[in-house]
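Peer 1: attaching a predicted model along with its sequence, questions to come.
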Protein chains: 2
Amino acid sequence: MPEQPVRARLVDVARAAGVSKATVSKVLNDRQDLSVRPETRRRVHEAAETLEYRPHSGARALAGAGTHALALLVPALANPTYVTIARGAYQRARELGYLSLLAEDFDGHEADESFNELVQAGRVDGLLIASARPGHPLLDALSRSRVPHVFLNRSVEGSGRNVTMDVARSSVTALDHLHSLGHRAVGHVAGPPGIAPSEVRKQAFLRHAGELGLSAAPVASGDFTEDGGVSATRELLRPADGAGRRPITAIYTSSLAQAIGAMAAIRDLGLRIPEDISVIGNDDLPVAGHLHPPLTTVAMPLYELGTAAVDALVATIEGGPSGDVVVPTEPRLVLRRSTAGPGESP
Amino acid sequence: MPEQPVRARLVDVARAAGVSKATVSKVLNDRQDLSVRPETRRRVHEAAETLEYRPHSGARALAGAGTHALALLVPALANPTYVTIARGAYQRARELGYLSLLAEDFDGHEADESFNELVQAGRVDGLLIASARPGHPLLDALSRSRVPHVFLNRSVEGSGRNVTMDVARSSVTALDHLHSLGHRAVGHVAGPPGIAPSEVRKQAFLRHAGELGLSAAPVASGDFTEDGGVSATRELLRPADGAGRRPITAIYTSSLAQAIGAMAAIRDLGLRIPEDISVIGNDDLPVAGHLHPPLTTVAMPLYELGTAAVDALVATIEGGPSGDVVVPTEPRLVLRRSTAGPGESP
DNA sequence: ACGACCTAGGAAACCGGTTGACTGAAGCTG
DNA sequence: CAGCTTCAGTCAACCGGTTTCCTAGGTCGT
């Protein structure tokens, strides 16, 4: 039997450095309640280094220090939006000495289970929740237990723990762009009702449409998927008057996938993009630039959302106060060829 | 100070059921080395139920039982392929009493760190590795330690721990389809060199092209991204002879993103799909059906790959033997409108 | 009637860290 | 030079499970 390359334990480091477990623990955790000679400190660090010591997270958690792990709950990983957020969260967590785990929360179906497995089982110190919606079972569990958590992207009103982007601004940016191209009748493909950013975008769209004096600003809801975009777009393009005139000349969608669906639906109706209908979507990802035509988008600061959420959560875990946060980076218009003046080529 | 709704602990359950910790532990873990009266067993389960008892994963891990957690390392979450795999893994893991965690391994950059944080810190019992490639730092770490693991999708030759799909078959399926439409000169957009499924697909493509007697079967490599598809496609379509004739009439890509890139590149050259060039991609996802034109694909059994990998890993963890596994489900052709006979409309 | 053998369950050690109370030695003070 | 601090660390309890021996009481065979 070959030598098992056993993990180094605290006591191994202690032995190697010629000190006690307690000293090693305190030195490595940089605790203030202990005075150590620099020389000793050095020996400890050196021993830990050569032995490649990693504290056992379970033991640490048991002893009352946390696990130094967070979990990010996203509603749908297939939506690459959340992947960008997750990356931001992961990186920032690492910088703060935490590990960020990723879990898909199939719109509440698995939420209880995830909650149990992650929080109750003591695997994580806190939750980053991107899957909130009214009536979500998780909200209940959270209020019963006292687990540190923040809501990101999908905020929960009155929680005082929301980390969001300036979603309203994205509607304004998109609408200003279309308006400046000459569009006066713009439709909006909104996300499902009840979901915070979806509602905010819709309200901002309607408000700003009013401010710009648009002649029409119909809204249709659909899932944040391609199919959701297809059905909402069909609804928007159905001739409203008997004359058979198209009610709108441009569409603004709440997600990238919806925009892809919208483009498909528009073409199915025999219309051209952007000559007949301009399309602009939210969230910029590589695929947008490779569509036909390349899609104009409003890029949201997703990565920053992830980092900001971790900052807020870690602050909470470490005893700080909590409060709503809005990521300062503004949505950015990414101009491509799916938008043009009504009747024009790009 | 409000009552902290503390987690129920083992001893709480024991007290409630009127037995000892040991008994509860054994009953809940269904251990054979103890005889209990059915009545006692019932009481224990009941108490655990009403107290909503969840074992503390850290404590359990410390005591020598595992963590009952696995980690899935994927090379790029932005590639939705891996999301489907992850779902399969997650579900199957749950059925087996495990929790599957998801981590992005930025092509080796973070692999060591992930390995340390997950394995060395004792957070997981085993690894599902989908990010292998020759020279990957993880391979070293794995051979040094004795952590249970399997490689999925991207196999590692000689490891005896590969869980794969019939990737060669997917090339045959795609090529047969194009051949039956009348194509005799087909190009292949392969993945990066050195990556197992990429190489296998390419070899199978070349072999079957030979079997079918194609007049041309050029191959160009590119990343599994849209941009990778663009550049490889440009290479394939560059006129080879002085005559300026296009060398091929169809393109088969190794990933869906590459297919999207290929379509963009084809259009940029002023060519039509499928009249001038047919396109067929690997992996079927919702977006494929909403492209312009809707993309014909070869659907791979990704979900099953995830479940099979978990089966294999858990078997290893629980002391079983290991061995290579190939998911039995065959690749399936999903016919859409990006393929047609040379010169024809779909 | 008495030991052998089950049956049902309990006591306690142990896993690997953390933490607050404690201590021996050196330095300072009066 | 005795007493008080400060310094530099040590001791041991503890976290919440699991597991390995035990044991008390009842059953069975002879």
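Peer 2: Yes, it's here. Residues are numbered from 1 along each chain as shown, chains lettered A, B, ... in the order given.

Peer 1: for chain A, which segments are assigned as helices?
Peer 2: A:10-17, A:21-28, A:38-50, A:57-62, A:80-95, A:111-115, A:137-144, A:167-181, A:196-212, A:226-237, A:256-268, A:302-317 (DSSP state H).

Peer 1: return the most buried member of those helices.
Peer 2: Mean neighbours per residue, mean count of other C-beta atoms under 10 Å in any protein chain shown, is largest over the helices of chain A for helix A:256-268, with a mean of 26. For every residue, glycine as well, the C-beta is placed using N, CA and C.

Peer 1: from chain B, how far off is A:Met300?
Peer 2: 16 Å (C-beta to the nearest C-beta, to the nearest Å).

Peer 1: which residues of the stretch 101-250 of chain A lie near chain B?
Peer 2: Proximity of the stretch 101-250 of chain A to chain B, by C-beta under 8 Å from any C-beta of the partner chain, involves residues A:101-104, A:113, A:116-118, A:120-123, A:144-146, A:225-227, A:230.

Peer 1: do that again at 10 Å, thanks
Peer 2: By C-beta under 10 Å from any C-beta of the partner chain, the residues of the stretch 101-250 of chain A that approach chain B are A:101-104, A:106, A:110, A:113-124, A:144-146, A:225-227, A:229-230.

Peer 1: could you find the closest non-adjacent residue to the residue most central in space within chain A?
Peer 2: Nearest residue to the geometric centre of chain A (C-alpha atoms, centre = their mean): A:Ile85, 4.2 Å. Leaving aside its sequence neighbours, A:Ile85 sits nearest to A:Gly306 (C-beta to C-beta, 6 or more residues apart in numbering or on different chains; 4.2 Å).

Peer 1: got the contact list for the closest residue to A:Thr50 other than its chain neighbours?
Peer 2: Nearest non-adjacent residue to A:Thr50, counting by C-beta to C-beta, 6+ apart: A:Ala16, 7.5 Å away. Applying C-beta atoms under 10 Å, 6 or more residues apart in numbering or on different chains to A:Ala16 gives the contacts A:Ala8, A:Val24, A:Arg43, A:Val44, A:Glu46, A:Ala47, A:Ala48, A:Thr50, A:Leu51, A:Tyr53.

Peer 1: now for the residues you listed: which two are most distant?
Peer 2: Using C-beta to C-beta, these span at most 15.0 Å, a distance reached by A:Ala8 and A:Arg43.

Peer 1: how much space between the closest residue to DNA strand C within the stretch 201-346 of chain A and chain B?
Peer 2: Residue nearest to DNA strand C within the stretch 201-346 of chain A (C-beta to the nearest atom of the strand): A:Glu318, separated by 12.0 Å. According to C-beta to the nearest C-beta, A:Glu318 and chain B sit 18 Å apart.

Peer 1: one more: A:Ser155?
Peer 2: 24 Å.

Peer 1: residues near that residue, how many?
Peer 2: Using other C-beta atoms under 10 Å in any protein chain shown, A:Ser155 is surrounded by 22 other residues.

Peer 1: can you pull the contacts of A:Arg123?
Peer 2: With C-beta under 10 Å, 6+ apart, A:Arg123 has these contacts: A:57-58, A:61, A:67, A:69, A:71, A:101, A:117, B:56-58, B:61, B:67, B:69, B:99, B:101, B:123.

Peer 1: swap in A:Asp30?
Peer 2: A:Asp30 touches A:Arg41, counting by C-beta under 10 Å, 6+ apart.

Peer 1: flag the helix or strand of chain A with the lowest per-element mean pLDDT.
Peer 2: helix A:111-115 (a mean of 78; mean pLDDT, DSSP states H and E).

Peer 1: for that one, packing partners?
Peer 2: In terms of contacts (3 or more C-beta pairs under 10 Å, 6 or more residues apart in numbering or on different chains; DSSP states H and E), helix A:111-115 is packed against strand A:69-74, strand A:99-104, strand A:126-129, helix A:137-144, helix B:80-95.

Peer 1: mind running it again at 8 Å?
Peer 2: With contacts taken as 3 or more C-beta pairs under 8 Å, 6 or more residues apart in numbering or on different chains; DSSP states H and E, helix A:111-115 sits against strand A:69-74, helix A:137-144.

Peer 1: tell me the angle the longest one makes with strand A:69-74.
Peer 2: If I follow you right, that is helix A:137-144. Angle, helix A:137-144 to strand A:69-74, by axes from the mean of the first three to the mean of the last three C-alpha atoms, to 10 degrees: 140 degrees.

Peer 1: ok, now how distant is whichever residue of chain A sits closest to chain B from DNA strand D?
Peer 2: As assessed by C-beta to the nearest C-beta, chain B sits closest to A:Gly58 within chain A, at 3.1 Å. A:Gly58 sits 8 Å away from DNA strand D, going by C-beta to the nearest atom of the strand, to the nearest Å.

Peer 1: show the pLDDT at the residue nearest to the centre of chain A.
Peer 2: Looking at A:Ile85, its pLDDT is 96.

Peer 1: isn't it up against A:Ala130?
Peer 2: Yes - here A:Ile85 reaches A:Ala130: they are 6.5 Å apart, a contact under C-beta atoms under 8 Å.

Peer 1: where do the contact lists of those two overlap?
Peer 2: A:Leu72, A:Val74, A:Leu152, A:Asn153 (C-beta atoms under 8 Å, 6 or more residues apart in numbering or on different chains).

Peer 1: list the residues that contact whichever residue of the stretch 151-300 of chain A sits closest to DNA strand C.
Peer 2: The nearest approach of the stretch 151-300 of chain A to DNA strand C comes at A:Arg161, 24.5 Å away (C-beta to the nearest atom of the strand). Contact partners of A:Arg161, counting by C-beta under 8 Å, 6+ apart, are A:His149, A:Val150, A:Phe151, A:Ala312, A:Thr316, A:Ser322, A:Gly323, A:Asp324.

Peer 1: most neighbours of all those, which one?
Peer 2: Busiest of the contacts of A:Arg161 [other C-beta under 10 Å] is A:Val150, holding 29 neighbours.

Peer 1: partners of it in the sheet?
Peer 2: Note on A:Val150: beta-bridge partners A:Leu128, judged by DSSP bridges.

Peer 1: mean pLDDT lowest for which of the helices and strands packed on helix A:111-115?
Peer 2: helix A:137-144 (a mean of 85).

Peer 1: quick one, what contacts the residue of the stretch 51-200 of chain A found nearest DNA strand D?
Peer 2: Proximity of the stretch 51-200 of chain A to DNA strand D (C-beta to the nearest atom of the strand) peaks at A:Leu62, 3.5 Å away. Residues counted as contacts of A:Leu62 (C-beta under 8 Å, 6+ apart) are B:His56, B:Gly58, B:Ala59, B:Leu62.
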